[in-house]
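1. Structure, please.
(one chain, ligands or ions: 1)
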Amino acid sequence: MKKKLRNLIGRLLAIFFISLGLTRRVKKRAKNGEFILSVFFHNPGRELFEYCIKWLLKNKFVFLTQNDVIAYSQQNKPLPKNAVIITVDDGWQGNIENVVKVAAKYKVPVTIFISTEPVQNGVYWWSYIEAGNKNVEFYKTLPNDQRLTEVKDIKDTIVLNREAMTSDQVKEIAEYDCITIGGHTVNHPILTKCNDEDVYNELNTSKIVLEEWINKPVDSFAYPNGSYGKREVEYLKQLNYSIAYTTKAAYLNESSLQNILELPRFFVLENISNAEALCRMLGVWQAFFD
Ligand SMILES: [Zn+2]
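-> Predicted coordinates:
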């Protein structure tokens, strides 16, 4: 009920923003090549994800690959007009039907950033916290070792169904021409709460494991929870990652391309109205609420 009311208000607000011409203005700026629209999802439903892709296609957006974005960062060329990069975090099992199949249907490139431990064991750590009726945001503030110990205690008492893809499914989706697999650490920790050795291992081991699964190089990355600092950027460089995404809600313009390991993205939440998804995808929503 609370969720329904929240979505209704969200929908009305989004319709209001659209009627003010805010989305039209973003469309115009994209057409002028002011930025590359950078959008990410977690576990969207098929209807919502397909709506977003169809809207972008209808409005003549060009879908970039990670290599396209890297190339733009290296060349001194103007940004492409009406361009978008789509990324999806974590490696949810629902992504297969709701993201990969849609990307294949419309032949648009999508990058999926995958944490390897949930793939091996089935469940993301925060789901145990939620199932134990505890506050996930509080656990994100704990030093990594303490969080791991406390999560393990809850894990030992609860059995949850698989929510991440299996390694076989990761291999299968990596075969699609439209899908790029990127790194998202092993355990999805809050990297800024880890010691140096743990950060290095999280970035290194996940890359090795993914590359072994998919038999392709993995050189793109997204910071779990968007948490990072200078140390994380430095380790990514050392480990030959070429491109990385934060969760900073901003337009990816020429100045953001100067920091190829700290690219911004607009988040599209799941289970919301299409109107709100559109406003979030175009960064209209975040201008007011983030
Ligand atoms: Zn994540």
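
2. nearest spatial neighbour of the residue in the stretch 151-290 of the chain that the ion sits nearest to, skipping sequence neighbours?
-> Scanning the stretch 151-290 of the chain for proximity to the ion using CB to the ion identifies residue 224 as nearest, at 4.6 Å. Glycine gets a C-beta too; all of them are placed from N, C-alpha and C. In space, and not counting its chain neighbours, residue 224 is closest to residue 188: 4.5 Å by CB to CB, 6 or more residues apart in numbering.

3. With residue 259 instead?
-> Distances taken as CB to CB, 6+ apart put residue 233 closest to residue 259, at 8.0 Å, once the chain neighbours are dropped.

4. need the longest strand for the chain.
-> Taking DSSP state E as the assignment, the strand of the chain that covers the most residues is strand 83-90.

5. which other helices and strands contact it?
-> strand 36-41, strand 62-63, helix 66-74, strand 110-114 (3 or more CB pairs under 8 Å, 6 or more residues apart in numbering; DSSP states H and E).

6. At which residues are the strands of the stretch 101-250 of the chain located?
-> 110-114, 179-183, 220-222, 243-245 (DSSP state E, counting those that start in this stretch).

7. Can you list the strands that the helix or strand that comes right after the last one pairs with?
-> I take that to be strand 243-245. The helix or strand immediately downstream of strand 243-245 is strand 266-267, counting by DSSP states H and E. When pairs are called by DSSP bridges, strand 266-267 turns out to pair with strand 36-41 (parallel).

8. thinking again about what came up before, give me every residue that touches the residue nearest to residue 224.
-> Going by CB atoms under 8 Å, 6 or more residues apart in numbering, residue 188 touches 90, 115, 117, 118, 124, 125, 224, 225.

9. wait, the last one sits on residue 141?
-> No - proximity of residue 225 to residue 141 does not meet the contact threshold set by CB atoms under 8 Å, at 11.0 Å.

10. Neighbour count for the two, which is higher?
-> Neighbours were counted for residue 225 and for residue 141 using other CB atoms under 10 Å; residue 225 has more, 17 against 11.

11. Name the nearest residue to that one, ignoring sequence neighbours.
-> Sequence neighbours aside, residue 190 is the residue nearest to residue 225 in space, at 5.5 Å (criterion: CB to CB, 6+ apart).

12. got the contact list for the one you found?
-> So residue 190 contacts 140, 141, 144, 147, 224, 225, 227 (CB under 8 Å, 6+ apart).

13. got the CA coordinates for stretch 62-74 in PDB?
-> Below are the C-alpha coordinates for stretch 62-74, written out as PDB (Å, rounded to 0.1, in the frame of the first residue of the first chain):
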ATOM      1  CA  VAL A  62      22.600   5.700 -30.600                       C
ATOM      2  CA  PHE A  63      23.600   3.000 -28.100                       C
ATOM      3  CA  LEU A  64      27.300   2.900 -27.300                       C
ATOM      4  CA  THR A  65      29.500   0.000 -26.200                       C
ATOM      5  CA  GLN A  66      32.200   0.400 -23.500                       C
ATOM      6  CA  ASN A  67      34.800   0.400 -26.300                       C
ATOM      7  CA  ASP A  68      33.000   3.400 -27.900                       C
ATOM      8  CA  VAL A  69      33.100   5.300 -24.700                       C
ATOM      9  CA  ILE A  70      36.800   4.500 -24.200                       C
ATOM     10  CA  ALA A  71      37.500   5.600 -27.700                       C
ATOM     11  CA  TYR A  72      35.800   9.000 -27.200                       C
ATOM     12  CA  SER A  73      37.800   9.500 -24.000                       C
ATOM     13  CA  GLN A  74      41.000   9.000 -26.000                       C
END
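
14. buried set for that stretch?
-> Neighbour counts over stretch 62-74 (16 or more other CB atoms under 10 Å) mark 63, 64, 65, 66, 68, 69, 70, 72, 73 as buried.
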